[in-house]
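Undergrad: pasted the sequence and its predicted model underneath.
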Amino acid sequence: MISIATSSFNEHGFRLAEGEKLIQQSGIPLPSYREEFGSLQALVADIFYQLCEESDCISEGLDTDDTSLAKLLNSTKESYKIQTKYRFIFLNLHEIIEHIEPIKDRYYELISLRKSQLLHLFQRLENERLVRGEMISGQYDNLANQMIILSDFWLTHNNMVFGKDNFKPEYYSKLVLSILVPYLTEKGLEDYKFIEA
């Protein structure tokens, strides 16, 4: 039922006020849906938790001793594929987190976790001499925030520029990685050029 509802929300758009109508259109009997989930908010929360589980598996792969720019790029691409799979959430993120409290709480936990993972990654990249140390205190904190913002809202830009059925996760993954260029050492720049080739 979650898979059918997700596909329907992705295909037809999503508005909380029209959620049950979309569920009916997807062929899910309302009594079955209400028995399993109770409410539209509970269904969307379950979909969001499934998204989080899949995303956590990807981000855990970043939190290892094996550090490279290629690994960051691949992790970002995989993350964007998951976001594409659950795109209605990201395209309607503000409405969803404003009206479904458990999602709002989990989303803020997710942002905090991703930020700490990115900061840890930046530290490891610095130890590997792929990036320079901070020139200004808080520089990498700001960089993590920039990457998170771009990562959570790329689908909106993608829909406006490339169309709602023409997803470009590779393009946006490289865009996120390019944010690192001013921080790269010569060694890091060589790695970056190799990835871009």
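TA: Yep, that arrived.

Undergrad: can you tell me which residues contact G19?
TA: The contact partners of G19, by CB atoms under 8 Å, 6 or more residues apart in numbering, come to L40, L43, V44. Just so you know, the C-beta spots here come from the backbone N, C-alpha and C atoms, and that holds for glycine as well.

Undergrad: report the contact partners of the last one.
TA: Okay, so that is V44. By CB under 8 Å, 6+ apart, the contact list for V44 reads L16, G19, I89, I96, I100, I103.

Undergrad: filter those to the buried ones?
TA: Among the contacts of V44, those scoring as buried are G19, I89, I96, I100, I103 (criterion: 16 or more other CB atoms under 10 Å).

Undergrad: which of those lies closest to Y192?
TA: I89 (31.0 Å; CB to CB).

Undergrad: next structured bit after the stretch of helix or strand that closest one belongs to?
TA: In this assignment (DSSP states H and E), I89 forms part of helix 87-91. Next helix or strand after helix 87-91 toward the C-terminus (DSSP H and E): helix 93-99.

Undergrad: tell me the helix or strand right after that following helix.
TA: helix 101-127.

Undergrad: could I get the buried residue list for that next one?
TA: Neighbour counts over helix 101-127 (16+ other CB under 10 Å) mark I103, R106, Y107, L110, R114, Q117, L118, L121, F122, R124, L125, E126 as buried.

Undergrad: export those to TSV and tack on distance to Q50 and pLDDT?
TA: Formatted as TSV, those follow (distance: CB to CB, whole Å; pLDDT from 0 to 100):
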residue	distance to Q50	pLDDT
I103	12	94
R106	12	92
Y107	14	94
L110	13	90
R114	17	90
Q117	20	89
L118	23	91
L121	25	91
F122	29	93
R124	29	91
L125	31	93
E126	35	94
